[in-house]
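S.K.: just need the structure, nothing else, for what follows:
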Amino acid sequence: MERFFKLKERKTNARTEVLAGIITFMTMAYILVINPTILSACGMSFEKVFAATAITSAVATLVMGLAANLPFALSAGMGLNAFFSYTVCLGMGYSWRWALTAILCEGVIFLLLTFFNIREAIVNCIPACLKKAIGAGIGFFIAFIGLQNAGIVVGGATLVELSADWYKGAAGVAMLGLVITSILLVKKVKGAILIGMIVTTLIGIPFGVTQYAGGKFLPASPYLFPFAFDEIFASGKSVFDFVVVLFTFLFIDMFDTVGTLIGCAGKSGILREDGTIPNCKEALLADAIGTTGGAILGTSTVTTFVESASGVAAGGRTGLTAVTTAVLFLLALFLEPLFASIPGAATSPALIIVGVMMISPIKEIDFNDYAEGIPAFLCVLFMVCAYSISDGIMFGILSYVIINAVAGGVRKIDKMSWVLVVLFILRIVMKALV
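M.R.: Next comes the predicted model:
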């Protein structure tokens, strides 16, 4: 295990890695319930999608751990599943089999782009200031998710506002959990985040926040090759829509994964001196395999999860963290009622604390140099306000290229960045057509 995962080289040990893997799983276990819920809205079976989500997450995360030796976990991407169900199926009127066919094609394209090192080149061309901004932006983004999941921050007259009930119910339990977890961290208690989640879950029982979800302890069978290629060619409009939907899935998935890899790798301290990620190709291969395999089993696009930051914050530095998370995903097949019983109030404090840990790279950005400070700021701002990692990266790179090109800093711009600008413009056009 030491030789394979290089534990000493990355200044970690098996106990820390396993604990980090457990924490990562607990902060993202909600996807096992949320993803089937969203996809069932368009007619898919909740039980089959649950099984597909668990199996696909386990396989993709195993590839990340064993092939890339990185502490990141993967599962069905939030936002992408909503686009799948509510826009493509319910909005545009296409069947879920039609949509899964688009996911399959996206996965195959990702495999080809990864094989020819195109995706790795995209990761490496992102300017240093934006790589730091991505890490900080993810910190704010994940903390915002935590506040929402707990019901502390809600929609209101000013778009978002503090809930009137922030001190009671699920929100109150989450606030109490945040205080407990913070104190444990200050006291340097080992496994503070995990302990905080467990304690918060227990506190939620007498308040009715933590409730046993119920259900069977036997796994269902996932779908198998549920595609509908014939529906794609039913009309010219269907073919055109298929291309637009395929590109949309491809774009969002690509830059969500790129952003998460850069942000979490920077926080874990495993970035090389030149800013590149070790085993980046293998890491990108993990989500390509996950997306392709997920389509075959019946779930939406798979991406590297931002909640991986929680395991990194707990000390996860190697693939052993990912392997631990993958094993837990497999066990979840038999323990659905238990994992479905973990309330958002228990995981939200962990996400908020992880947000604190993730924003530290922002202090390394030179905001006095506006050619770097403005793009970095826009990257963070849009990541949170647009609720999208990919949109944050898009506005960060677009502003970086435009500002530096006009202000005489053309030599600073990597050639691949110009390619990204073209892709971003195409994405804006495509989005307008959906």
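
S.K.: contact partners for Arg97?
M.R.: 226-228, 231 (Cβ atoms under 8 Å, 6 or more residues apart in numbering). All C-beta spots, glycine's among them, are computed from the backbone N, C-alpha and C.

S.K.: show me how to select, in PyMOL, the buried members of those residues.
M.R.: Of the contacts of Arg97, the buried ones can be selected in PyMOL as follows, counting by 16 or more other Cβ atoms under 10 Å:
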select buried, resi 226+227+231
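
S.K.: isn't there a helix covering Thr292?
M.R.: Yes - assessed by DSSP: H, G, I helix; E, B strand; the rest coil, Thr292 belongs to a helix.

S.K.: need the contact list for it.
M.R.: For Thr292, the contact set (Cβ under 8 Å, 6+ apart) comprises 104, 107-108, 110-111.

S.K.: repeat that for Leu420.
M.R.: Neighbouring residues of Leu420 by Cβ under 8 Å, 6+ apart: 122, 125, 397, 401.

S.K.: secondary structure element for it?
M.R.: Using DSSP states H and E, Leu420 sits within helix 415-433.

S.K.: try Gly155
M.R.: Using DSSP H and E, the element containing Gly155 is strand 153-156.

S.K.: of the contacts of Leu420, which belong to helices?
M.R.: Of the contacts of Leu420, the ones assigned to helices by DSSP state H are 122, 125, 397, 401.

S.K.: which element is the closest residue to Val245 other than its chain neighbours on?
M.R.: Closest residue in space to Val245, ignoring its immediate chain neighbours: Ala102 at 5.0 Å, by Cβ to Cβ, 6 or more residues apart in numbering. Under the criterion of DSSP H and E, Ala102 resides in helix 96-115.

S.K.: restrict that helix to CA atoms and write it as PDB.
M.R.: In PDB, the C-alpha atoms belonging to helix 96-115 read as follows (Å, rounded to 0.1, in the frame of the first residue of the first chain):
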ATOM      1  CA  TRP A  96     -34.800  10.000 -21.300                       C
ATOM      2  CA  ARG A  97     -33.400   7.300 -23.600                       C
ATOM      3  CA  TRP A  98     -32.700  10.100 -26.200                       C
ATOM      4  CA  ALA A  99     -31.000  12.100 -23.500                       C
ATOM      5  CA  LEU A 100     -28.900   9.100 -22.300                       C
ATOM      6  CA  THR A 101     -27.800   8.600 -25.900                       C
ATOM      7  CA  ALA A 102     -26.400  12.100 -25.900                       C
ATOM      8  CA  ILE A 103     -24.600  11.300 -22.600                       C
ATOM      9  CA  LEU A 104     -23.000   8.200 -24.200                       C
ATOM     10  CA  CYS A 105     -21.800  10.200 -27.200                       C
ATOM     11  CA  GLU A 106     -20.400  12.800 -24.800                       C
ATOM     12  CA  GLY A 107     -18.500  10.100 -22.900                       C
ATOM     13  CA  VAL A 108     -17.000   8.700 -26.100                       C
ATOM     14  CA  ILE A 109     -15.900  12.200 -27.200                       C
ATOM     15  CA  PHE A 110     -14.300  12.700 -23.700                       C
ATOM     16  CA  LEU A 111     -12.400   9.400 -24.100                       C
ATOM     17  CA  LEU A 112     -11.000  10.600 -27.400                       C
ATOM     18  CA  LEU A 113     -10.100  14.100 -26.100                       C
ATOM     19  CA  THR A 114      -8.400  12.500 -23.100                       C
ATOM     20  CA  PHE A 115      -6.500   9.900 -25.200                       C
END
